[in-house]
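K.L.:
Quick check, what structure comes out for this input:
(one chain, ligands or ions: 1)
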Amino acid sequence: MNAHNKPNAPVLDSYWMPFTANRQFKAAPRLLAAAEGMHYTSVDGRTVLDGTAGLWCVNAGHGRRQIAAAVERQLSTMDFAPSFQMGHPIAFDFAERLAEIAPGPAGAKLDRVFFTGSGSESVDTALKMALAYQRSIGQGTRTRLIGRERGYHGVGFGGISVGGIVNNRRVFPQLPGSDHLRHTHDPAKNAFVKGQPEHGAELADDLERLVALHGAETIAACIVEPVAGSTGVLIPPKGYLERLRAICDKHGILLIFDEVITGFGRLGAAFATDYFGVTPDIVTTAKGLTNGAIPMGAVFASRKVHDALMHGPEGQIELFHGYTYSGHPAACAAGIATLDIYRDEGLMTRAAEIEGDWHEAMHSMKGLPHVIDIRTIGLIAGIELQSRDGAPGARAYDVFVDCFERGLLIRVTGDIIAFSPPLIAEKQHFGEIVSILADALKRVK
Ligand SMILES: Cc1ncc(COP(=O)(O)O)c(C=O)c1O
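P.N.:
Numbers count the residues shown, from 1 in each chain. As a prediction, the model looks like this:
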């Protein structure tokens, strides 16, 4: 099968696409061929505004030559080097650069950095670090991992065990003992809110329920996304994260923030940890780490977690964990060039400067057909549509296809539209997003 039946379009049969309705897609493919700044170009030559920074990752916009040049230089100097019992300077250099901006307050930053190849790998790494930490401090009975309903933590077995999206879980077995907090979404009390909703801090007490049910001495860690993205933009109620931190402290439970989408400027601070002023023990990242240019993740651990494992005979490997591509030289080169761009262009804090215009533009869509909620924080928006009877997700999918045809890339999950444009976006782009989406909402059945 050939896309669009055009002479130079690709054959589509062999590629088994991820998180895609393969047969539906291949019958009517949407193919991107090039990208620059805020825009993609489709294979049929149309310009498409990127409302989603790719997949929440191209924070500095597309086609950054500085990153391409750094990767090219590194690949022609040293393409690959093993990271097990061996090292190469650029991985250490990148970790030092990350340590300077690491999440957490000065003097207590999570400045010990473990490299992975993706967000899913970062999550599984963080969960294993938590288990290893508990064991190393004599708390080996703590093997239970707590996530949250509607959470998304990638697709590894660890990540789906603590994740709370049913379609990612129903076919696959999960880690024994994993359990979940209630989610924080409460549209009856918190609809059409800019920033953090007022109601729901007490939902953090659900961790007390799980402690009462399982016993604190069985729980190693609790992982949450500070702002849940993939489940359709769920923003933490005021006081919720603070309360979760306090309950974890009370019971000796490590707190992990999954910052795979919130890391690197999405909210207007380098990390959600800094934005909310709540410091977990471990932070997972990926995506914006390299501006999406080369796959890579990084896990930031506190000194407490890291140092607890630096015991025993010096010749002993402290954490039996790592990936062939941990600290890949080309990924590190991309990451350093990305950090340079973020610093030079002030992108880590730019969302704070433009979020007023963003919130206003997004909330101007209140009252359009099918819109039942709009929620915004930093440079993120979630627009929830009323589902069609008996066909959840169908309406938002139709809107997605319509927008793409008219030059706007949006992301949908169920009947929620999620926006996360590159952090270089200008006010005029917000207007364009509203105009194309509003038309699509008026057209859709
Ligand atoms: C919060 C969160 N964690 C983990 C992941 C998984 O990242 P990856 O797709 O790079 O494995 C994602 C991806 O969207 C995410 O949003």
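
K.L.:
near the ligand, which residues of the stretch 51-200 of the chain?
P.N.:
By the rule C-beta under 6 Å from any ligand atom, the part of the stretch 51-200 of the chain lying against the ligand is 118-120, 123, 152-154. Bear in mind the C-beta positions are built from the backbone N, C-alpha and C, glycine included.

K.L.:
hmm, try it at 8 Å
P.N.:
Within the stretch 51-200 of the chain, the positions lying close to the ligand (C-beta under 8 Å from any ligand atom) are 55-56, 118-123, 151-156, 159.

K.L.:
Return the member of these nearest to residue 371.
P.N.:
Using C-beta to C-beta, residue 56 comes nearest to residue 371 of those, at 22.0 Å.

K.L.:
list the contacts for the closest one?
P.N.:
Residues near residue 56 by C-beta atoms under 8 Å, 6 or more residues apart in numbering: 229, 260-261, 266, 287-288, 420.

K.L.:
Check residue 274 too.
P.N.:
With contact taken as C-beta under 8 Å, 6+ apart, residue 274 is in contact with 103-104.

K.L.:
From the contacts of residue 56, list the ones also adjacent to the ligand.
P.N.:
Okay, of those touching the ligand (C-beta under 8 Å from any ligand atom), that's 229, 260-261, 287.

K.L.:
which among those residues gets closest to the ligand?
P.N.:
Distance to the ligand, by C-beta to the nearest ligand atom, is smallest for residue 260 among those, at 3.5 Å.

K.L.:
what number of residues lie near the closest one?
P.N.:
Neighbours of residue 260 under the rule other C-beta atoms under 10 Å: 28.

K.L.:
For it, which non-adjacent residue is closest in space?
P.N.:
Leaving aside its sequence neighbours, residue 260 sits nearest to residue 119 (C-beta to C-beta, 6 or more residues apart in numbering; 3.8 Å).

K.L.:
what do you get for residue 256?
P.N.:
Once flanking residues are discounted, residue 256 sits nearest to residue 223: 4.0 Å by C-beta to C-beta, 6+ apart.

K.L.:
ditto for residue 98
P.N.:
residue 113 (5.0 Å).

K.L.:
wouldn't the one you found be in contact with residue 296 here?
P.N.:
No. At 11.4 Å, residue 113 does not count as touching residue 296 under the criterion of C-beta atoms under 8 Å.

K.L.:
where does stretch 419-437 sit relative to the chain's centre, distance-wise?
P.N.:
Averaged C-alpha coordinates place stretch 419-437 at 20 Å from its chain's average position (C-alpha atoms, centre = their mean, to the nearest Å).

K.L.:
do stretch 141-149 as well
P.N.:
20 Å.

K.L.:
how about the CA coordinates for that stretch, as PDB?
P.N.:
Extracted as PDB, the C-alpha positions of stretch 141-149 are listed here (Å, rounded to 0.1, in the frame of the first residue of the first chain):
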ATOM      1  CA  THR A 141       9.900  -4.900  53.100                       C
ATOM      2  CA  ARG A 142       9.000  -1.700  51.200                       C
ATOM      3  CA  THR A 143       8.400  -3.100  47.700                       C
ATOM      4  CA  ARG A 144       5.000  -1.700  46.900                       C
ATOM      5  CA  LEU A 145       4.800   1.100  44.400                       C
ATOM      6  CA  ILE A 146       1.900   3.600  44.400                       C
ATOM      7  CA  GLY A 147       0.700   5.500  41.300                       C
ATOM      8  CA  ARG A 148      -2.500   7.400  40.600                       C
ATOM      9  CA  GLU A 149      -5.600   6.700  38.600                       C
END
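
K.L.:
So for it, what gets flagged as buried?
P.N.:
Across stretch 141-149, burial judged by 16 or more other C-beta atoms under 10 Å covers 142-149.

K.L.:
can you tell me which of those residues are in helices?
P.N.:
Among the buried residues of stretch 141-149, DSSP state H puts none in helices.

K.L.:
Go through these and flag which are in strands.
P.N.:
If you go by DSSP state E, the buried residues of stretch 141-149 have 144-148 in strands.

K.L.:
got JSON lines for the residues you listed, with distance to residue 281 and pLDDT too?
P.N.:
What follows is those, written out as JSON lines (distance: C-beta to C-beta, whole Å; pLDDT from 0 to 100):
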{"residue": "144", "distance to residue 281": "16", "pLDDT": "98"}
{"residue": "145", "distance to residue 281": "13", "pLDDT": "98"}
{"residue": "146", "distance to residue 281": "14", "pLDDT": "98"}
{"residue": "147", "distance to residue 281": "15", "pLDDT": "98"}
{"residue": "148", "distance to residue 281": "17", "pLDDT": "98"}
